[in-house]
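> whatever this is, show me its structure:
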Amino acid sequence: MDTSQLKHQLKVQIIEFLNLIDVQPEDIRDDEPLFGGELGLDSIDSIELIVLLDREYGIKIQSPKEGRKILIDINTIAEYVQTHRVK
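Numbering: from 1, shown residues only. Okay, the predicted model is just below:
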């Protein structure tokens, strides 16, 4: 899977996993901050995203500090998934 496909897949998964009503994948920019931005995600959502990465990609994030470095935006998540994917 190439990077653009992965980014689109991540957007779809985030929308579904977090039940973001009225949000479409094309509404999320690759460089848009996931937290503190227009999406309005919070710390509970970050835990859900960590679960999503574990369930879908076999990526285990061990600490909140590590999670803050990964869950910045779609670009950083996709880069991390490409280099650390287990499945």
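
> which stretches in the protein count as helices?
3-17, 43-57, 64-70, 74-84 (DSSP state H).

> switch the ones you listed over to a markdown table; also include distance to Phe35 and mean pLDDT.
In short, each C-beta sits where N, CA and C put it, glycine included. As requested, the helices of the chain are exported to a markdown table (distance: least, Cβ to Cβ, whole Å; pLDDT from 0 to 100):
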| stretch | distance to Phe35 | mean pLDDT |
| --- | --- | --- |
| helix 3-17 | 12 | 97 |
| helix 43-57 | 7 | 94 |
| helix 64-70 | 9 | 89 |
| helix 74-84 | 12 | 96 |
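
> contacts only, for Ala78.
Contacts for Ala78 (Cβ atoms under 8 Å, 6 or more residues apart in numbering) come out as Thr3, Leu6, Lys7, Leu10, Asp30.

> nearest to Leu53, of those?
Checking these against Leu53 with Cβ to Cβ, the nearest one is Leu10 at 9.3 Å.

> in ChimeraX, how would I select the buried members of the contacts of Ala78?
In ChimeraX, a selection of the buried entries from the contacts of Ala78 looks like this (16 or more other Cβ atoms under 10 Å):
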select :6,7,10,30
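
> name the nearest of the contacts of Ala78 relative to Glu48.
For those, the nearest to Glu48 is Leu10 (13.3 Å; Cβ to Cβ).

> separation between that closest one and Asp54?
14 Å (Cβ to Cβ, to the nearest Å).

> how near is the residue of the chain positioned farthest from its centre to Gln5?
The centre of the chain is farthest from one residue, Asp22, which by Cα atoms, centre = their mean lies 17.7 Å away. To Gln5, Asp22 is 24 Å away according to Cβ to Cβ.

> equivalent analysis for Glu56, please.
Relative to Gln5, and taking Cβ to Cβ, Glu56 is found at 14 Å.

> more neighbours, the two?
Neighbours were tallied for Glu56 and for Gln5 using other Cβ atoms under 10 Å; the higher tally belongs to Glu56 (15 against 10).

> excluding sequence neighbours, find me the nearest residue to that one.
Nearest residue to Glu56, sequence neighbours excluded (Cβ to Cβ, 6 or more residues apart in numbering): Gln13, at 6.3 Å.
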